[in-house]
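**Q** Here you go, sequence then predicted model.
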Amino acid sequence: MTADVKKETLGFQTEAKQLLHLMIHSLYSNREIFLRELISNASDAIDKLRFAALADDKILEGQSDYQIRVEVDKEAATVTITDNGIGMNREEVIDNLGTIAKSGTAAFLASLTGDQKKDSQLIGQFGVGFYSAFIVAERVEVHTRKAGEPKEAGVLWESQGESEFSIGELPRDERGTSIRLFLKSDCTEFADDWRVRSVIKKYSDHISVPVLMLKQEAPGEHDESDDEAKPEAPTWETVNEATALWTRSRSDISDDEYKAFYQHVSHDFDEPLTWSHNRVEGKLEYTSLLYVPGRAPFDLWNRDASKGLKLYVQRTFIMDEAEQFLPLYLRFIRGVVDSNDLPLNVSREILQQHPSVDSMRSALTKRALDMLAKLAKSDADKYATFWREFGQVLKEGPAEDFANKEKIARLLRFATTHMDSETQDQSLDDYLGRLQEGQDKIYYVVAENFNTARRSPHLEVFRKRGIEVLLLSDRVDDWLMSHLQEFEGKKFQDVARGELDMEDASEEEKAEREKLQEESQALVERMKQSLSDEVADVRATARLTDSPACLVVGEFDMGAQMRRIMEAAGQPVPESKPTLEINPGHPLISLLDREQDEERFADLAHVVFEQALLAEGGQLKDPAAYVERLNKLLLKMSAAG
Ligand SMILES: Nc1ncnc2c1ncn2[C@@H]1O[C@H](COP(=O)(O)OP(=O)(O)OP(=O)(O)O)[C@@H](O)[C@H]1O
C-alpha cells in the first residue's frame, strides 16, 4: 500500500504514547482481544454510517451491503480487518488515532503503578480500543476513506506504535476502513485462518454485521482435472452469527454470548456482574438489555463521563449514551434499548420531549432496580462487589427518585454497630430483624470517617442497651439521610440530633434522668454562661456513659458533617450553634462542678466543649488557645500533685 504516498510524520500525544506503551506491556497475556476491539470498532463505524444515511443516503454510494472482512496472509504474517462503514478523513485519523480525548486521562495514567498485573486491570477499565492492535503487531497500517468523499480523499496512516506515526494520501475505491497488522514474530498465530475464526466466534458472534472470511477449501475437495477451469473468484463466508443479540430469544443465548456482547457495548474488558434482557409488547414496544458492570470505570465521578444506554430504533443504531432512559443514580448501568415507537430521525432534543421516553425510563429504572434486588438475593459476593464499586452512586437515589425510594433503600448496605466493621454489608432489612423490643426508630450516626463514627460518644447509651446504630461516613451520607425519612414505617433518627428520647426507657430510667437534670441545674447554668459564644444550650444527658460530653445539633439544623462539606465547598452555611450535652456522672464533670475558681472553671468548660467537638471530627476555631488552656490545666495538676 505504501508506494507513491506523500507522507508526513507526526508525534503521538504524550498520553497516547504512554497508553500505547502500557497496553503493549500489560495486556500481552490476553492478546487475542485485539481482534474483538477492532471488529467492535468496525461494527460501530457501520452503525454510524447507517445512522448518517438516514439523513442522506447519497453517502452510501449505492452500496448498502454492510460487512466486515477479515483476511489473513500466512506468508506475509498479516491480518487485515476491513469495514465499509463511515471511514475517516485526514483530520479524524489524526484526532482519533493520534490522541486520546477522554477527560481524566492524565489522572488515570498517574494512577498506574508499574505493576503489570494491576495495571492491566486498570487499563481494561479505561477501555483498550484501537491501540490494542499494537499488542500483536510491530507495524499497523490504516487505510481509510470517509463515506461520501471522493476516492482521492483516501488516507494512509502507519505506525510502529512507538512515538510517531506517518500520514499520507492514498486514493481508496471503497468507503470505509482497512486495518492491516504486520504481526510480531511471536504472534503469527493470528495469521492462521482457524485461529482467527475461533477468536471471532468467541468474541464477535453477536455483532449484528456479518464478519466474513475467505472460504477455505476442505482437504480433498480440490479436483486436479478441474485446474484448467480455474481460477475462480474467492468466496467469502460469514463466520459469526450476525444477528443483533438482543433481538434473539433469551433461551437461545448463552451466558458467554451475553458476556461478549457486554464487552462490545460497554468497551469494558471485564465481565458484567449480571444482566436483564426483556422484550416489552403492548402500548409501547421495545427491547432492553441492561448490564451491571463488575467494576467502576476510571471516570465514574467525572461529570462528563460516559453514561446512558445505546439507543436503537427498529434495529438501527441511533446514538451512544442516550441518557434519557435511566436516572443519574443508575449511570453505571450499561446496555441497549431498541424501540419500535420512536421515529428513526430521533435526536437528543426529541428524546427529551417524547411521551414514550418517560414511560420507558420509569420501566427501565424499575427493571434495573429489580435486577439489583435479584442479584442481592441470589449472590451475596457479587452484590458485595457491586456495592463496593457503585454503592456510593446508588446512595444518590433517594434524593433523585422519590417514587422508588423504598426500593432503593432496600438495596442500600451499611456498616453498623452490629458487626462494628467498616465493610458496608448490612441491609435495612437485616437491621429491622434485630430491633430491640419497643424500638420504633432506625438510629444512625454520621461522621467524617468510619472510626470517628464508630467511636462517637453519642453511641454509648445505644451500645449499653444493645441497640444497633448505622455508622455512616461516606460524603454522600448526610445528603442520603436527609432524603430518607423512614423505612417500613420506622423513622430514621440521627443520634447526634435533637433530644434523645428513647422510647424504651423504663419509668425508673426516666425518673433517674429527671433527677439528674435537677441536680445538674446549677452546673448547667454556669457552663451556659461560660460557653455562651460557642453553644446554644447546655443540658445534662443520660446518653453518655464513658465520655464527659458530646455535641448535639437541633432537630432541624444542618448536620455537622453536611456543614463541613458545604464549608469545604465554599458554600454559605447558616449560622447555628450546637447544644452541649454533659454526663454528670463523669469524674471530669464532677471536677468541673466542684471548681470554685471562675477562671479555671471557664478553662475547663472550654476544654470539655472543645474535646466534644474534636471527638466528632470537628475543627477547633482556635487550636492554639485550646492547647494553651490544656497546658495550663496540666501544669496546675502537676503543681497540685
Ligand atoms: N474502523 C473504524 N472506522 C471508523 N472510525 C474508527 C474505526 N476504528 C476507530 N475509529 C475511530 O477512532 C476512535 C478511537 O478508537 P478507539 O478504539 O481507540 O476508542 P473508542 O472506540 O472510542 O473507545 P474505547 O477506547 O473505549 O474502545 C473511535 O472513536 C472512532 O471514532
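**A** Great, that's in hand.
**Q** The stretch 501-641 of the chain: strands as residue ranges?
**A** 537-540, 549-552, 579-582 (DSSP state E, counting those that start in this stretch).
**Q** got those strands as JSON lines, with mean pLDDT columns?
**A** Shown next, in JSON lines, are the strands of the stretch 501-641 of the chain (pLDDT from 0 to 100):
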{"stretch": "strand 537-540", "mean pLDDT": "92"}
{"stretch": "strand 549-552", "mean pLDDT": "91"}
{"stretch": "strand 579-582", "mean pLDDT": "93"}
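**Q** Between those strands, which one is closest to the ligand.
**A** strand 549-552 (48.5 Å; Cβ to the nearest ligand atom). From N, CA and C alone the C-beta is placed, and that goes for glycine too.
**Q** pLDDT on stretch 43-53, on average?
**A** Per-residue pLDDT values over stretch 43-53 give a mean of 93.
**Q** Please disregard the earlier target; I meant stretch 138-148.
**A** 97.
**Q** same check, this time on stretch 381-398
**A** 97.
**Q** Pull out the buried positions in it.
**A** Applying a neighbour-count criterion of 16 or more other Cβ atoms under 10 Å, the buried positions in stretch 381-398 are 382-387, 389-398.
**Q** For the ligand, state which of those is nearest.
**A** Distance to the ligand across the buried residues of stretch 381-398 (Cβ to the nearest ligand atom) is lowest for Glu389, with 18.1 Å.
**Q** Using PDB, write down the CA coordinates of the helix or strand hosting the closest one.
**A** In the assignment (DSSP states H and E), Glu389 maps to helix 380-394. The C-alpha trace of helix 380-394 is given here as PDB (Å, rounded to 0.1, in the frame of the first residue of the first chain):
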ATOM      1  CA  ALA A 380     -24.100 -12.100  48.100                       C
ATOM      2  CA  ASP A 381     -20.500 -12.000  46.900                       C
ATOM      3  CA  LYS A 382     -21.400 -10.400  43.600                       C
ATOM      4  CA  TYR A 383     -23.700  -8.000  45.300                       C
ATOM      5  CA  ALA A 384     -20.900  -7.000  47.700                       C
ATOM      6  CA  THR A 385     -18.700  -6.300  44.600                       C
ATOM      7  CA  PHE A 386     -21.500  -4.200  43.200                       C
ATOM      8  CA  TRP A 387     -21.900  -2.300  46.400                       C
ATOM      9  CA  ARG A 388     -18.100  -1.600  46.700                       C
ATOM     10  CA  GLU A 389     -18.000  -0.300  43.200                       C
ATOM     11  CA  PHE A 390     -21.200   1.600  42.900                       C
ATOM     12  CA  GLY A 391     -22.800   1.800  46.300                       C
ATOM     13  CA  GLN A 392     -22.000   5.500  46.600                       C
ATOM     14  CA  VAL A 393     -23.700   6.300  43.300                       C
ATOM     15  CA  LEU A 394     -26.800   4.400  44.400                       C
END
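**Q** And the contacts of it?
**A** For helix 380-394, the external contacting residues (Cβ atoms under 8 Å, 6 or more residues apart in numbering) are 273-274, 292-296, 300, 329-332, 372, 375-376, 408, 411-413, 423-425, 474-476.
**Q** Now that we have these, which of them are buried?
**A** Buried members of these, counted by 16+ other Cβ under 10 Å: 273-274, 292-296, 300, 329-332, 372, 375-376, 408, 411-413, 424-425, 474, 476.
**Q** mind listing which of these are in strands?
**A** Taking DSSP state E, the ones among the buried ones among the contacts of helix 380-394 that sit in strands are Leu273, Thr274, Val292, Pro293.
**Q** which one among the residues you listed gets closest to the ligand?
**A** Pro293 (13.0 Å).
**Q** Phe269 is in contact with the closest one, correct?
**A** No. Counting by Cβ atoms under 8 Å, Pro293 sits too far from Phe269 to count as a contact (10.4 Å).
**Q** give me the number of residues near Arg465?
**A** Counted by other Cβ atoms under 10 Å, the residues lying close to Arg465 total 13.
**Q** how far away is it from the ligand?
**A** Noted for Arg465: a distance of 53 Å to the ligand, by Cβ to the nearest ligand atom, to the nearest Å.
**Q** Likewise for Thr316?
**A** Distance from Thr316 to the ligand, by Cβ to the nearest ligand atom: 18 Å.
**Q** Spit out the contact partners of that residue.
**A** Arg50, Phe51, Leu54, Leu344.
**Q** Show me which of the residues you listed are buried.
**A** Arg50, Phe51.
**Q** So is the lowest-mean-pLDDT helix or strand in the chain next to the ligand?
**A** Every helix and strand of the chain was ranked by mean pLDDT, DSSP states H and E. The lowest is helix 116-126, at a mean of 72. No. Helix 116-126 is not in contact with the ligand by Cβ under 6 Å from any ligand atom; minimum separation 7.2 Å.
**Q** now the contacts of Thr316 as JSON lines including distance to the ligand and secondary structure?
**A** JSON lines is the format used below for the contacts of Thr316 (distance: Cβ to the nearest ligand atom, whole Å; DSSP: H, G, I helix; E, B strand; the rest coil):
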{"residue": "Arg50", "distance to the ligand": "13", "secondary structure": "helix"}
{"residue": "Phe51", "distance to the ligand": "13", "secondary structure": "helix"}
{"residue": "Leu54", "distance to the ligand": "18", "secondary structure": "helix"}
{"residue": "Leu344", "distance to the ligand": "22", "secondary structure": "coil"}
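**Q** Closest one of the buried residues of stretch 381-398 to Lys202?
**A** Lys202 has its nearest neighbour among these in Lys382, at 23.2 Å by Cβ to Cβ.
**Q** In the stretch 151-300 of the chain, what residue spans correspond to helices?
**A** For the stretch 151-300 of the chain, applying DSSP state H, counting those that start in this stretch gives helices covering 193-204, 255-266.
**Q** That's all I had, so thanks and see you.
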